[in-house]
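Student: Below is the sequence, then the predicted model.
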Amino acid sequence: MTRARKAKDILMQSITWAASGLSAWVLIAILVFIFTNGWKLLDWSVLSGNYHARNIVSGFVKESFDESVFTPPLSLSAEDIVSVKFGFAVRDEVDKQKNHVHTITWVDDRSPLREGTITTAGAAQGDPAPFASGMSVNKIVFSDADGREETVGRLKQQSPREWVPILDSRAAFIKEFHGKEPGGGMRGSLLATLMLIGLSLLFSVPVGIFAAVYLHAVAKQNRLTKFIRSSIELLAGVPSIIFSMMGITLIFPLIKIFGLGGQSIILGGLTMAVLLLPVLIRQTEEALRAVPSSYAQASLALGATQTETLFRVVLPSAKNGIFSACLLAVSRIVGESAALIFTMGTAIQDFPKLTEGSTSLAVQIYVLMRGENPNFRLASAISIVILIMILILNLTVKIVSELTDRKGNASCPPRRVKASKAS
């Protein structure tokens with residue numbers, strides 16, 4: 001090897017290692033940022049809770065409260081301010097939506113504040129008011145021993161260290177409590193994502209499989225077939241925001257005929273179905289090509305027709321590859337955002353419906369980060385959930401592919417050649 005060629009090889013290897021190291025560093029930095037900001041916030045309340053907080057106004061009908069002294073548990077921290085007269089503890093903190101709140105951290109089972117009823121007009125009026133850990137206190141209205149009414153709480157610009165001692169020293173009984181159930185959850189977006197996955201696969205999988213079967217076994221291999229394959233490859237490279245515009249301009253007028261107007265999960269599912277077709281067609285066709293030709297030849301030799309061979313022999317043999325294609329499509333749906341902005345919308349719904357707009361997990365991250373005061377913590381927590389879902393799907397694809405390879409190797413064992421005995 002000449003000196004110039006050796007220097008060139010060293011240069012190319014250095015560039016390769018530098019590019020690989022830079023890519024790995026960027027990926028690790030992103031993961032560290034996401035897990036640092038979102039891991040502590042990620043708990044069951046975030047996964048199962050509503051995004052929008054719910055205001056609670058409860059009233060109390062008792063003329064007086066028992067003069068009991070409540071003993072707080074030892075698990076409370078120094079930041080918790082305890083009301084020994086009414087049996088609760090509250091802490092000054094910042095919630096998941098980056099709002100300054102006074103959060104209830106402990107409520108005794110015998111606390112008189114558990115006996116309130118909702119006073120706001122509506123279907124829930126008169127129901128027991130939830131006064132429990134995790135809620136935040138806006139204000140408390142009480143009467144003193146002389147019947148004078150006073151108000152304390154966050155809305156009075158008072159910290160818990162200020163208003164809790166006032167409540168314990170002056171209140172004879174509490175007349176009204178204004179609080180809020182916490183928000184900042186992702187349950188609505190998670191449900192909308194699951195609905196989107198189901199609708200997208202329902203519309204795209206049958207069309208994608210039959211299109212792949214047509215290109216592989218039915219269509220003549222001529223220029224038209226090559227043009228169709230080239231068009232599918234072209235569609236796979238189109239930016240997803242273009243599909244979003246296509247959905248709102250072409251698909252929306254079609255579903256409007258059936259009385260569905262505006263952005264909805266159905267419109268987003270149909271748009272994603274079109275976006276997934278290139279992936280499903282290509283992967284399914286590759287799975288069909290991976291089936292040994294001897295399977296079809298043996299079926300035809302036994303008297304089966306071309307259609308019977310295709311649907312009873314070739315397709316069942318390619319089921320693992322088709323299943324892997326569906327899992328890759330699900331991964332695309334989970335991580336997609338641009339194709340859903342115009343079709344599903346950006347309004348976060350706690351109770352999503354198929355005929356109404358909502359947000360997927362990825363779009364909720366976009367909503368949280370687009371404002372003047374982005375919520376990095378909640379966006380990072382949702383990102384962790386998306387990464388875990390995609391990781392599980394990719395591992396499933398790897399496992400299915402491995403099982404498929406093992407099955408293929410087992411079905412074609414090597415021939416054993418017997419050595420002839422010397423005469």
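Tutor: The structure has been received and is ready for your questions.
Student: Extract the residue ranges of the stretch 301-423 of the chain that are flagged as low pLDDT.
Tutor: 404-423 (pLDDT under 70).
Student: That one: helices as residue ranges?
Tutor: Counting by DSSP state H, counting those that start in this stretch, the stretch 301-423 of the chain has helices at residues 306-309, 315-317, 319-335, 338-341, 361-369, 376-411.
Student: Tell me which of those approaches I251 most closely.
Tutor: Among those, helix 338-341 comes nearest to I251, with 11.5 Å by CB to CB. Yep, even glycine has a C-beta here, placed from its N, CA and C like the rest.
Student: helices or strands next to that closest one in the packing?
Tutor: helix 240-246, helix 265-289, helix 361-369 (3 or more CB pairs under 8 Å, 6 or more residues apart in numbering; DSSP states H and E).
Student: F177 sits in which helix or strand?
Tutor: Following DSSP states H and E, one finds F177 within strand 173-181.
Student: I misspoke; the intended subject was V205.
Tutor: Using DSSP H and E, V205 sits in helix 187-213.
Student: the inter-axis angle of that helix versus helix 319-335?
Tutor: 140 degrees (axes from the mean of the first three to the mean of the last three CA atoms, to 10 degrees).
Student: Okay, buried residues for helix 187-213 please.
Tutor: For helix 187-213, burial by neighbour count (16 or more other CB atoms under 10 Å) applies to 187-193, 195-197, 199-201, 203-205, 208-209, 211-213.
Student: what sits against I34?
Tutor: When contacts are counted by CB atoms under 8 Å, 6 or more residues apart in numbering, I34 touches 380, 383-384, 387.
Student: quick one: which of those residues is nearest L277?
Tutor: Nearest member of the contacts of I34 to L277, counting by CB to CB, is L387, at 25.8 Å.
Student: contacting residues for that closest one?
Tutor: By CB under 8 Å, 6+ apart, L387 lies in contact with I34.
Student: could you measure it against S20, distance?
Tutor: As judged by CB to CB, to the nearest Å, L387 and S20 stand 21 Å apart.
Student: Ok, T103 next?
Tutor: When distance is defined by CB to CB, T103 is 46 Å away from S20.
Student: Kindly report the same for K156.
Tutor: In terms of CB to CB, K156 sits 59 Å off from S20.
Student: between these two, which one's more packed in?
Tutor: Taking other CB atoms under 10 Å, K156 and S20 do not tie; K156 has more neighbours (14 against 10).
Student: Report the buried residues of the helix or strand containing A24.
Tutor: Per DSSP H and E: A24 is located in helix 3-38. Residues of helix 3-38 classed as buried: 34-35, 37-38 (neighbour count, 16+ other CB under 10 Å).
Student: do stretch 385-394 as well
Tutor: 385-387, 389, 393.
Student: With distance to P278 as added columns, please give those residues in CSV.
Tutor: Converted to CSV, the buried residues of stretch 385-394 look like this (distance: CB to CB, whole Å):
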residue, distance to P278
V385, 27
I386, 22
L387, 24
M389, 22
L393, 18
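Student: Closest one to S244 out of these, please.
Tutor: Set against S244, the nearest of those by CB to CB is I386 (18.9 Å).
Student: My read is that that closest one contacts E336, right?
Tutor: No - counting by CB atoms under 8 Å, I386 stays clear of E336, with 10.5 Å between them.
Student: so what sits against both of those two?
Tutor: In contact with both I386 and E336: A362, using CB under 8 Å, 6+ apart.
Student: before we move on, back to that, quick one: which of the helices and strands packed on helix 338-341 is nearest N222?
Tutor: So among these, helix 265-289 is nearest, using CB to CB, at 16.4 Å.
Student: now the closest one against helix 187-213, angle please.
Tutor: Going by the same axes, to 10 degrees, helix 265-289 makes 40 degrees with helix 187-213.
Student: which other helices and strands contact helix 265-289?
Tutor: helix 187-213, helix 223-236, helix 240-246, helix 252-256, helix 319-335, helix 338-341.
Student: Just want the angle from it to helix 223-236.
Tutor: Using the same axes, to 10 degrees: helix 265-289 against helix 223-236 is 130 degrees.
Student: From I333, how far off is the residue nearest the centre of the chain?
Tutor: Residue closest to the mean C-alpha point of the chain, counted by CA atoms, centre = their mean, is L361 at 3.8 Å. As for L361, its distance to I333 is 10 Å (criterion: CB to CB).
Student: Can you pull the residues that touch both of the two?
Tutor: Residues touching both L361 and I333 (CB under 8 Å, 6+ apart): T193.
Student: quick one: which of the contacts of I34 is nearest V46?
Tutor: For those, the nearest to V46 is I384 (10.0 Å; CB to CB).
Student: measure the residue nearest to that closest one when sequence neighbours are not counted to A89 for me?
Tutor: In space, and not counting its chain neighbours, I384 is closest to G38: 5.1 Å by CB to CB, 6 or more residues apart in numbering. Using CB to CB, G38 is found at 27 Å from A89.
Student: follow-up on the earlier one: hmm, S383 and the residue nearest to I384 touching each other?
Tutor: Yes - using CB under 8 Å, G38 makes contact with S383 at a distance of 6.4 Å.
Student: tell me, how many neighbours does P130 end up with?
Tutor: Neighbours of P130 using other CB under 10 Å come to 15.
Student: Show the contacting residues for it.
Tutor: Neighbours of P130 in contact, by CB under 8 Å, 6+ apart: 56, 181.
Student: Which of the helices or strands spans it?
Tutor: Per DSSP H and E, there is no helix or strand for P130.
Student: Domains in the chain, by residue range?
Tutor: The domain map for the chain lists 46-181, 187-407, with the assignment taken from automatic domain parsing.
Student: From the chain's centroid, how far away is stretch 193-201?
Tutor: Put simply, stretch 193-201 sits 12 Å off its chain's centre (CA atoms, centre = their mean, to the nearest Å).
Student: Which residues outside it are in contact with it?
Tutor: 265-266, 268-270, 272-273, 276, 326, 329-330, 333-334, 340, 344, 352, 354, 360-361.
Student: how about T355, phi and psi?
Tutor: When read as degrees, to the nearest 10, the backbone of T355 gives phi -90, psi 10.
Student: How many neighbouring residues does the nearest residue to it once chain neighbours are set aside have?
Tutor: In this structure, T355 finds its nearest non-sequential neighbour in S264, 5.2 Å apart by CB to CB, 6+ apart. Other residues lying near S264 total 22 when counted by other CB under 10 Å.
Student: I'd guessed S264 sits against Q349; true?
Tutor: No - counting by CB under 8 Å, S264 does not reach Q349; the two are 11.0 Å apart.
Student: list the residues that contact both of these two?
Tutor: Common neighbours of S264 and Q349, using CB under 8 Å, 6+ apart, are 356-357.
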